[in-house]
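Asker: Predicted model, plus sequence, below.
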Amino acid sequence: MIALRLRSLFRRRQVDQELDEEIREHLDHLTNDYIAKGLTPREAREAALREFGGVERAKENCRDARKVDWLQNFVQDVRFGLRMLRKSPGVTAVVVIALALGVGANTAIFSIVDGFLLRPLPVPSPEQITVLAIQQKDAPIGSSGFSYPEFLDYRRQAETFSDVFGIVISSVQLTANDRSDQCFVNYVSGNFFSALGVKPALGRLILPSEGETLGEPTVVVLDYSYWQRRFDGDLGVIGRRILVDDKSATIIGVAPRRFHGMFPIFEMDVYLPMSSISLEEPAIAFWNNRDRRRILGFGRLKPGVSLREAQSSLDVVTGRLARQYPATDKWFTVRAVPEKSARPIAYANNSFVAISGLFLVLAAFVLLLACLNVENILLARGSARQREMGIRAALGAGRARLIRQVLTESVLLAILGGAAGIAIGVSANRWTNAIHVQDIPLQLDSALDWRAFTFALATVLFAGIVVGLLPAIRASSADVNIVLHAGTPRSSDGIHRPGLRNFLIVAQVAGSLVLLVAAGLFVRSLQMVQRFDLGFDPNHVLNVTLDPHEIGYDEARTNGFYRDIETRVRALPGVQSASVASYVPMGGFPSKAAVYIEGHPVASGEQPLRVLFNCVDSAYVETMRVSLLRGRDFTDSDSESAPLVAIINQTMSHHFWPHEDAIGKRFSMDGPTGPFAEVVGMTNNGKYQTIGEDAQPFFYVPPRKTSHRNAFCTFARSFRLN
Amino acid sequence: MSKAPDLVQGTLDLLLMKILALEPMNGYAISQRLKQVSREVLQVSDGSLYPALHKLEQEGWITAEWKATENNRRAKFYSLTRMGRKHLEQEAGNWARLSTAISRVVKLNEV
């Protein structure tokens, strides 16, 4: 059936020819019959034509039969469908709204997920981009990076990559237009933009020749949305001189609009060449020290190279470097991971993917519920229209015709609902895109690109057909006689048991309950997280992070600076207490030290445990309201004088001195021979990095002449306001 | 022969389907069989046969296939589909009921 209709549409000539042949055959047969009866060929022919009737008219009627069926019926169906929808505005409105919510939710969430996970990087041949995930044996995943000399080695030696590029993520102070703000920066290798194949939106980008020699002028490339926000999209920014970390720099260009660096979920404000990292740390150390690992590495595969080949070539280089530099490069492996599989960041476990999957499933659930709802409504309406269907059947409509008509109505409803849904989805996305949380560089750039749109369309059609099919079949199977002779349309006649409608209602209620429970769980989790015991009291605390080293203070001057500030802040009205610490709990990048217990030398072949710590002054415990379970707090004399002291938390006490009182015990953070610090106090356990972390050991030490590798300390000051 | 009765379109469909239910045949054979079985009462012009056949094909009640005949020529053979068979049963039933009802009324004796 479909074949003939399609053929009549696309291969009309062939169908016409076939018809001609058929009729010709028929005429020939008739002619032969007449000849057999004794007529001459000519008379036979005429008689045959007479018997046949009008040949041309027959052909035309056939053609009409085909045409009328296809297009005219379709238009008829659509017109009638629209009329029916207008006649029952209430039902139409309910159905459209239900479908709109379902489609809208799906479109919105899909767009977001698409932006993170599915959309390829906005660069040519994005499938060639891989993450070079470097991993130290036994270290937690994601804690390693490349050192600059190592990065150079890989760039020179990895043959299967047309380009190897790297970035360092950090933050800088940008001063322009009489304002300073903290920006997130990508220090990029010179070939970053060229390897990616990105073209500037304005000005130019960092060139391969720049960026890797010391002493070069600092050039700045702005991120597009940063340029809009901070400079109001001013076209005159190119060439403007600004200050980056108090050093002079020039803006040379703006990155294209949809480009957000290697991590689409993070908002990067500026791109600086890697040579400018001298702003942050001694350049010599960065360039030459194989142990200073801050670079995140990426590569672009040569065309046609498989991931396995790339991995083997990387392994070759890794092996070579391990032999050449056993002290620094030995326990590292480098894995090539396609960029798309490494979202949102290469080193995260894929809970992100699971979470996105969860949200998509929830959204699909909402749509399913909407469809069930609509299905029920349409079934109800279907049985009310049985008389109409019966009359149509009596007039000669085939079953397929009836089904098609009802289905057209459902698809119309679905399209209306879908259009509304897409509108809802787009405005929801506009709202989520505008979410710009202060200090957290998260961004959601979702747009209704063709992928999301196709998804929405598919959802809509699916909904329309699936939802409409059953009511259509039901409606069209009306038995003509029963329906025409029945007095009133009954909602359940002998043929249609109410079982299905009841099932749908049960399914809807069950589904809604599931969604409600899920929503409730989310709300509860959020509430619980807010009430978590962090080990300190974050309420009424303000903190400021400063780095005087960024403006050239040396150590003595820095100490004086902080003492001065602390005194003055304490004198402010409304301030209860103030303190200084080396990192903000839950907010920064804490330092770790290997802990050596006095009297318990580390067994050979084993590594001492590395424990997080914070350098805090004597007012910290009081200011942050850390609860001191045993022993005493630091006093001012502790920071100056000789005996080193420390305050540990419960987990550390249990770990190193399981059944003893830790107070009075000693440990060293510098080496197995000391100098040793004496434990003077024990605090409760708290959260130090993330809310979800397991209990981990932690200790506090007073600020001291640090022999530690961090060349700079960022101090946070907390003071409590009444 | 008295004036041949007019045939309603729906009834023609019924006749065609019934004929095809017995065996698949081509257009010429159908028209011959129709004339034969109805003993020449039913006059269906061959011209109106083909549009009816095409419509039946559109609805999916019959399907057509080009086959070789004797004489080495090819002809389009129609046959009834499963859906068509079901539809035929329905229509035949309706027709039977209708004609019985009509006959009963007509046979009523005048009082």
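Answerer: That came through fine.
Asker: buried stuff in stretch A:201-211?
Answerer: Judged by neighbour count using 16 or more other C-beta atoms under 10 Å in any protein chain shown, the buried positions of stretch A:201-211 are A:Ala201, A:Leu202, A:Gly203, A:Leu205, A:Ile206, A:Glu210, A:Gly211. Yep, even glycine has a C-beta here, placed from its N, CA and C like the rest.
Asker: And the residue nearest to A:Phe359 when sequence neighbours are not counted, how far from chain B?
Answerer: Once its chain neighbours are removed from consideration, A:Phe359 has its nearest residue in A:Ile109; the separation is 5.2 Å (C-beta to C-beta, 6 or more residues apart in numbering or on different chains). Applying C-beta to the nearest C-beta, to the nearest Å, one obtains 41 Å for the distance of A:Ile109 from chain B.
Asker: ok, A:Ile109 touching A:Leu358?
Answerer: No. A:Ile109 sits out of contact with A:Leu358 when judged by C-beta atoms under 8 Å, with a separation of 10.2 Å.
Asker: if you count what's nearby, which of those two comes out ahead?
Answerer: Remark: of A:Ile109 and A:Leu358, A:Ile109 carries more neighbours, 24 against 12, as counted by other C-beta atoms under 10 Å in any protein chain shown.
Asker: Contacts only, for the more buried one.
Answerer: For A:Ile109, the residues meeting the contact criterion (C-beta atoms under 8 Å, 6 or more residues apart in numbering or on different chains) are A:Phe359, A:Leu360, A:Leu362, A:Ala363.
Asker: switch to 10 Å and redo it
Answerer: Contacts for A:Ile109 were tallied using C-beta atoms under 10 Å, 6 or more residues apart in numbering or on different chains; they are A:356, A:359-364, A:366, A:425, A:428-429, A:432, A:446, A:452.
Asker: Can you tell me which one of these sits lowest on pLDDT?
Answerer: In this model, the minimum pLDDT among those belongs to A:Ser446 (65).
Asker: Can you tell me the element residue 18 falls in?
Answerer: All of this refers to chain A. Assignment of secondary structure by DSSP states H and E places A:Glu18 within helix A:12-37.
Asker: hmm, I had chain B in mind actually
Answerer: B:Lys18 belongs to helix B:9-22 when assigned by DSSP H and E.
Asker: Tell me which other helices or strands that helix touches.
Answerer: Using 3 or more C-beta pairs under 10 Å, 6 or more residues apart in numbering or on different chains; DSSP states H and E as the contact definition, the elements that helix B:9-22 packs against are helix B:27-37, helix B:46-59, strand B:62-68, strand B:74-80, helix B:82-107.
Asker: The longest one vs helix B:46-59, what angle?
Answerer: Put plainly, it is helix B:82-107. Taking axes from the mean of the first three to the mean of the last three C-alpha atoms, to 10 degrees, one finds that helix B:82-107 is oriented at 130 degrees with respect to helix B:46-59.
Asker: For helix B:82-107, buried residues please.
Answerer: For helix B:82-107, a neighbour-count test (16+ other C-beta under 10 Å) marks B:Met83, B:Gly84, B:His87, B:Leu88, B:Glu91 as buried.
Asker: would JSON lines of these with pLDDT and distance to chain A be doable?
Answerer: Below are these laid out as JSON lines (pLDDT from 0 to 100; distance: C-beta to the nearest C-beta, whole Å):
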{"residue": "B:Met83", "pLDDT": "89", "distance to chain A": "8"}
{"residue": "B:Gly84", "pLDDT": "89", "distance to chain A": "10"}
{"residue": "B:His87", "pLDDT": "89", "distance to chain A": "7"}
{"residue": "B:Leu88", "pLDDT": "90", "distance to chain A": "12"}
{"residue": "B:Glu91", "pLDDT": "87", "distance to chain A": "10"}
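Asker: picking that back up, only C-alpha atoms, please: export the helix holding B:Lys18 in PDB.
Answerer: Extracted C-alpha coordinates of helix B:9-22, given in PDB (Å, rounded to 0.1, in the frame of the first residue of the first chain):
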ATOM      1  CA  GLN B   9     -18.900   2.000  -5.500                       C
ATOM      2  CA  GLY B  10     -18.700   0.200  -2.200                       C
ATOM      3  CA  THR B  11     -20.400  -2.800  -3.600                       C
ATOM      4  CA  LEU B  12     -18.100  -3.000  -6.600                       C
ATOM      5  CA  ASP B  13     -15.200  -3.200  -4.100                       C
ATOM      6  CA  LEU B  14     -17.000  -6.100  -2.400                       C
ATOM      7  CA  LEU B  15     -17.400  -8.000  -5.700                       C
ATOM      8  CA  LEU B  16     -13.800  -7.500  -6.800                       C
ATOM      9  CA  MET B  17     -12.500  -8.600  -3.500                       C
ATOM     10  CA  LYS B  18     -14.700 -11.700  -3.500                       C
ATOM     11  CA  ILE B  19     -13.500 -12.700  -6.900                       C
ATOM     12  CA  LEU B  20      -9.900 -12.300  -5.900                       C
ATOM     13  CA  ALA B  21     -10.500 -14.200  -2.700                       C
ATOM     14  CA  LEU B  22     -10.900 -17.300  -4.800                       C
END
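Asker: Residue for residue, what is the longest strand chain A has?
Answerer: Longest strand of chain A, by residue count under DSSP state E: strand A:161-176.
Asker: distance between the next helix or strand after it and the chain's centre?
Answerer: Once strand A:161-176 ends, the next helix or strand along the chain (criterion: DSSP H and E) is strand A:179-188. For strand A:179-188, the gap between its own C-alpha mean and the chain's C-alpha mean amounts to 23 Å (C-alpha atoms, centre = their mean, to the nearest Å).
Asker: I'd like to know which elements strand A:179-188 is packed against.
Answerer: Going by 3+ C-beta pairs under 10 Å, 6+ apart, strand A:179-188 lies up against strand A:161-176, helix A:192-196, strand A:218-222, helix A:224-231, strand A:241-244, strand A:270-273.
Asker: now with 6 Å?
Answerer: Using 3 or more C-beta pairs under 6 Å, 6 or more residues apart in numbering or on different chains; DSSP states H and E as the contact definition, the elements that strand A:179-188 packs against are strand A:161-176, strand A:270-273.
Asker: most packed of these?
Answerer: With neighbours defined as mean count of other C-beta atoms under 10 Å in any protein chain shown, those peak in mean count at strand A:270-273, which reaches a mean of 24.
Asker: List the contacts of the helix or strand just after it.
Answerer: Using DSSP H and E, the next helix or strand after strand A:270-273 towards the C-terminus is helix A:283-288. Defining contact as C-beta atoms under 6 Å, 6 or more residues apart in numbering or on different chains, one finds that helix A:283-288 is touched by A:Tyr148, A:Leu214, A:Ile277, A:Arg292.
Asker: Give me the buried subset of the residues you listed.
Answerer: For the contacts of helix A:283-288, buried by 16+ other C-beta under 10 Å: A:Tyr148, A:Ile277, A:Arg292.
Asker: pLDDT and distance to chain B for those - can I get that in a markdown table?
Answerer: Shown next, in a markdown table, are those (pLDDT from 0 to 100; distance: C-beta to the nearest C-beta, whole Å):
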| residue | pLDDT | distance to chain B |
| --- | --- | --- |
| A:Tyr148 | 88 | 73 |
| A:Ile277 | 79 | 74 |
| A:Arg292 | 75 | 76 |
